[in-house]
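*Asks:* After the sequence you'll find the predicted model.
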Amino acid sequence: MGRHRTQAVTLSDVARRAGVSVATASKALNDRAQVAAATRQRVLAAASELSFHPNALARGLIVGRTRTIGLLTDELGGRFSIPILLGAENALGNEQMSVLLCDARGDAIRRAHYIRTLLARRVDGFIVLGDSNDIRPSLTRDIPVPVVYVYGESADPGDFSLLADDEGGARLAVEHLVALGRRRIAHITGPHSYRAARDRVTGMREVLAEHDLAPAGDPLYGEWSQRWGRHAARMLLSAEPETDAIFCGNDQIATGVSQTLLDLGRRIPDDVAIVGYDNWEDFATDCRPPLTTVDLNLEQLGATAVEHLFGALDGTPSVGVVRQPCRLVIRESTVPTTVPQPRVG
């Protein structure tokens with residue numbers, strides 16, 4: 001005799017019958033590769049026994065309603081959006097899905113237009129890409145499909161936001177310098193208005209305090225540019241001539257700092273070690289000497305955003321804020337070429 005009920009069967013019912021987690025049941029029903037064959041058969045059997053029918057979004061994903069995701073960015077021409085897009089696109093390609101990219105260029109009217117356009121194309125979900133790892137207004141109420149925010153934190157705590165861990169990245173950089181025996185470590189970074197700049201200062205100060213060290217002067221805030229790096233390095237060395245390491249807020253600043261140090265006859269890394277941030281290959285590898293720097297793992301950020309979007313489509317949305325760890329890429333600006341150069345992550 002069939003099972004009588006007043007409510008529809010849910011994914012949780014199927015998971016309970018099969019003896020697995022809701023996430024595993026979702027993956028099995030959506031034919032994901034991460035589920036063992038025996039487990040998948042158990043979940044499918046449970047779903048059949050309970051006459052389970054997925055919700056509209058999950059069913060659309062299974063049968064291929066449109067199999068497209070909208071990626072809405074404010075920073076298409078900048079440093080961060082393209083690697084994140086590539087990571088998202090690779091992850092979507094693995095699931096035989098595609099991405100539609102729209103660049104709002106920071107304009108609210110243009111953004112609203114693209115939201116309407118993407119919804120008219122019946123995208124299954126949205127990835128909203130920020131431009132500064134900072135807090136941004138939520139768009140979720142205007143979008144009737146799942147939304148994941150990446151490299152920009154939604155102001156709504158009920159949304160899911162995936163960020164780069166700037167504080168943790170700074171800790172990697174400064175712990176590396178301290179381990180090398182540097183004791184007079186300075187910091188040159190971008191505008192104080194950037195959350196990323198402030199978070200990196202926080203991470204640096206924490207590490208120095210843990211080692212009973214004082215920074216070489218106050219952090220120098222300015223532009224994200226080589227010109228600022230050159231100018232700030234001269235100011236720093238004039239005020240703090242005993243500086244033996246400089247942690248920079250990005251690789252452009254670090255390249256400018258390197259130019260000034262060489263002009264002043266300071267050897268890198270013998271006299272002053274330098275660590276950059278972002279692992280922007282055009283600057284990090286072409287710098288003299290090549291830069292030790294913090295890599296934000298931007299492609300992984302995009303791929304992880306897709307994973308969480310799939311979870312929302314499968315009926316198990318994430319909420320809150322997750323900060324993805326960075327990794328330190330060691331090059332000659334802190335370690336001479338005669339020393340093996342491991343990667344720390």
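*Replies:* Yes, it's here. Worth saying up front: this structure is predicted, and the values here are computed from it rather than measured.
*Asks:* all helices for the stretch 201-345 of the chain, in order.
*Replies:* Using DSSP state H, counting those that start in this stretch, the helices found in the stretch 201-345 of the chain span residues 226-239, 251-263, 281-284, 298-313.
*Asks:* Check which residues of the last one are buried.
*Replies:* The one in question is helix 298-313. Neighbour-count burial for helix 298-313 flags 298-306, 308-313 (criterion: 16 or more other CB atoms under 10 Å). To be clear about C-beta, it is placed using only N, CA and C from the backbone, and glycine gets the same treatment.
*Asks:* What residues of stretch 95-115 count as buried?
*Replies:* Of the residues in stretch 95-115, those scored as buried under the neighbour-count criterion (16+ other CB under 10 Å) are 95, 97, 99-104, 111, 114-115.
*Asks:* Show residues contacting that stretch.
*Replies:* Defining contact as CB atoms under 8 Å, 6 or more residues apart in numbering, one finds that stretch 95-115 is touched by 67-77, 85, 88-89, 92, 117-118, 121, 123-124, 126-127, 131, 139, 142-143, 310.
*Asks:* per-residue confidence at residue 12?
*Replies:* Turning to residue 12, the model gives it a pLDDT of 79.
*Asks:* Now render the helices of the stretch 201-345 of the chain as TSV, adding distance to residue 170 and mean pLDDT.
*Replies:* Formatted as TSV, the entries for the helices of the stretch 201-345 of the chain read as follows, by distance: least, CB to CB, whole Å; pLDDT from 0 to 100:
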stretch	distance to residue 170	mean pLDDT
helix 226-239	17	98
helix 251-263	13	97
helix 281-284	17	89
helix 298-313	17	92
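*Asks:* quick one: low-confidence parts of the chain?
*Replies:* Counting by pLDDT under 70, the chain has low-confidence residues at 1-8, 31-33, 53-65, 76-78, 337-345.
*Asks:* quick one, domains of it?
*Replies:* Domain assignment for the chain by automatic domain parsing gives 11-53, 66-164+298-325, 166-296.
*Asks:* re the thing from before, which of the buried residues of helix 298-313 sits closest to residue 149?
*Replies:* Distances from the buried residues of helix 298-313 to residue 149 were compared by CB to CB; the smallest belongs to residue 305, at 8.3 Å.
*Asks:* Is the closest one in contact with residue 84, as I believe?
*Replies:* Yes: counting by CB atoms under 8 Å, residue 305 touches residue 84, with 7.5 Å between them.
*Asks:* Common neighbours of these two, please.
*Replies:* Between them, residue 305 and residue 84 share these contacting residues under CB under 8 Å, 6+ apart: residue 150.
*Asks:* Identify those among the contacts of stretch 95-115 that sit within helices.
*Replies:* With helices defined by DSSP state H, the entries of the contacts of stretch 95-115 inside them are 85, 88-89, 92, 117-118, 310.
*Asks:* Show which residues not belonging to the helix or strand harbouring residue 38 make contact with it.
*Replies:* According to DSSP states H and E, residue 38 maps onto helix 37-49. When contacts are defined by CB under 8 Å, 6+ apart, helix 37-49 is touched by residues 14-15, 17-20, 24-25, 28-29, 31, 35, 52.
*Asks:* Can you select the buried ones among those for me in PyMOL?
*Replies:* The PyMOL command for the buried members of these (criterion: 16+ other CB under 10 Å) is given here:
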select buried, resi 14+15+17+18+20+24+25+28+29+35+52
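*Asks:* Closest to residue 162 out of the contacts of helix 37-49?
*Replies:* Comparing the contacts of helix 37-49 against residue 162 with CB to CB places residue 24 closest, at 21.9 Å.
*Asks:* Please, which helix or strand holds the closest one?
*Replies:* For residue 24, the host element (DSSP H and E) is helix 22-29.
*Asks:* Pull out the buried positions in the helix holding residue 38.
*Replies:* Buried residues in helix 37-49, defined by neighbour count with 16+ other CB under 10 Å: 39-40, 42-44, 46-47.
*Asks:* and the angle for that helix with helix 22-29?
*Replies:* Helix 37-49 and helix 22-29 meet at an angle of 90 degrees, taking axes from the mean of the first three to the mean of the last three CA atoms, to 10 degrees as the criterion.
*Asks:* Figure out how far helix 37-49 is from the centre of its chain.
*Replies:* Offset of helix 37-49 from its chain centre (CA atoms, centre = their mean, to the nearest Å): 35 Å.
*Asks:* ranges for the strands of the stretch 51-200 of the chain?
*Replies:* In order along the chain, the stretch 51-200 of the chain carries the following strands (DSSP state E, counting those that start in this stretch): 68-73, 98-103, 125-129, 135-136, 147-150, 153-154, 160-164, 185-189.
*Asks:* In its sheet, which strands sit next to the fifth one, and in what direction?
*Replies:* Its sheet considered, strand 147-150 pairs with strand 125-129 (parallel), strand 160-164 (parallel) by DSSP bridges.
*Asks:* Sort out which residues of it are buried, please.
*Replies:* When burial is assessed from 16+ other CB under 10 Å, strand 147-150 yields the following buried residues: 147-150.
*Asks:* dump the residue contacts of residue 332.
*Replies:* 268-269, 289-290, 292, 341.
*Asks:* for those residues, which one is nearest residue 277?
*Replies:* Nearest to residue 277 among the contacts of residue 332: residue 292, at 10.2 Å, using CB to CB.
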